[in-house]
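>>> Fold the following and give me the result.
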Amino acid sequence: MSNLEKDPQELVCVVDPDAGEVEVLEPREVPLGGPRALHVRRTLPQRKRSLIGAWCFVDSYGPTPVARQGTMDTPPHPHTGLQTVSWLYQGEIEHRDSTGAHQFVNPGQVNLMTAGRGIQHSEVSTTAATQLHGVQLWTALPDASRGVAPFFEHHLAEAVTVGEATLRVFVGSWVGVSSPVTTYTPLVAAQLDLPAGGSVELPAGPAFEYGLVVDHEPARLQGVDVPEHHLGVVPLGSRAIRIEAPAGPLRVLVIGGEPLDEPIVMWWNFVGRSHDEIVAWRGEWQDEVIADTDRTGRYGHVDGYDGSALPAPELPNVRLRPRE
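Numbering: from 1, shown residues only. Predicted structure coming up:
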């Protein structure tokens, strides 16, 4: 999905070395689009923290009634230097991109799109279900891999039982289950479901930091309460993660990975390394796609979408300054 903010922040993303044992981060509501906008809850990036491993963006949305096709209607838009990961709890989304991929994604299936040196894609919800409910995540590609050719992957995640929990690992490997999707740094992502009052303790890699993306019921992480729709963060060094459902049945995403250890510049839908790089990528998008002067350039062309590509917002009139 695109970041449709009219005035997206330009950020140098770093890890806070003084983070405590468990951070609890509040969501920020962001409307994606116009009067009938889909509202999302953004928990990453934010001022307190920009990265969990290489995970650099987390948007949660729904449940939203699907009264029409296009409750989510994200026109073709660009990405560079990242991977997008789409995960649904309810609903169906139609994905198209400039590699020629055309895929319907449903709950339990992971859509992973590697933007690499440049791609464009569209996402439109269908009326196949009455509710739309899910999470969109991005990972930042390391400098050595961010120029790879773009490609698309789609897989069904296997469900396994671990104690009282049901776990669907859709990125990386965990509890003996591996996802076949491509990663460029050590990462993991999984949906975890617990019954009301249930708990589970899962093995953790001490070289990983972990995030708990909480859905509509509160969770308890390492003994710390994490309200609904919030993000709980476990720093490096933990060898186990304990998750509890103190109220109703719990559904969360667990994301994690080894710290990227590279500063990244995020603006709109781009993950780069400098202000000048972002300016150049935006210029190519406006010249090649919005002005329709070159369908063979960095971003290619999306076939089958009924509408125009999304123009880039205006850049800030100041150069990027690193955040302290």
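
>>> Where does the prediction get shaky in the chain?
Applying pLDDT under 70 to the chain flags the ranges 1-7, 9-20, 33-36, 68-70, 320-324.

>>> where along it do the helices fall?
Taking DSSP state H as the criterion, the chain carries its helices at 275-284.

>>> Spatially central residue in it, please.
What sits nearest the mean C-alpha location of the chain, by CA atoms, centre = their mean, is Leu137, with 0.7 Å.

>>> OK, contacts around the closest residue to that one other than its chain neighbours?
Excluding the flanking residues, the one nearest Leu137 by CB to CB, 6 or more residues apart in numbering is Val85, at 4.4 Å. Heads up, the C-betas are built off the backbone N, CA and C, glycines and all. Val85 makes contact with Val110, Asn111, Leu112, Gln136, Leu137, Trp138, Thr139, Phe170, Val171, Ala189, according to CB atoms under 8 Å, 6 or more residues apart in numbering.

>>> tally of neighbours for the closest residue to Glu217 other than its chain neighbours?
Excluding the flanking residues, the one nearest Glu217 by CB to CB, 6+ apart is Gly248, at 4.5 Å. Using other CB atoms under 10 Å, Gly248 is surrounded by 14 other residues.

>>> Could you list which residues are in contact with the closest residue to Arg146 other than its chain neighbours?
Excluding its sequence neighbours, the residue lying closest to Arg146 (CB to CB, 6+ apart) is Gly81, at 4.4 Å. By CB under 8 Å, 6+ apart, the residues touching Gly81 are Ala115, Gly116, Ala140, Leu141, Arg146, Ile264, Phe270, Val271, Gly272.

>>> what do you get for Leu192?
By CB under 8 Å, 6+ apart, the residues touching Leu192 are Ala165, Thr166, Leu167, Val200, Ile243, Leu250, Arg251, Val252, Leu253, Val254.

>>> try Gln191
Residues near Gln191 by CB under 8 Å, 6+ apart: Trp87, Tyr89, Ala157, Leu167, Arg168, Phe170, Arg251, Val252, Leu253.

>>> sorry, back to before: identify, from the contacts of Leu192, the entry nearest to Phe104.
Leu253 (21.1 Å; CB to CB).
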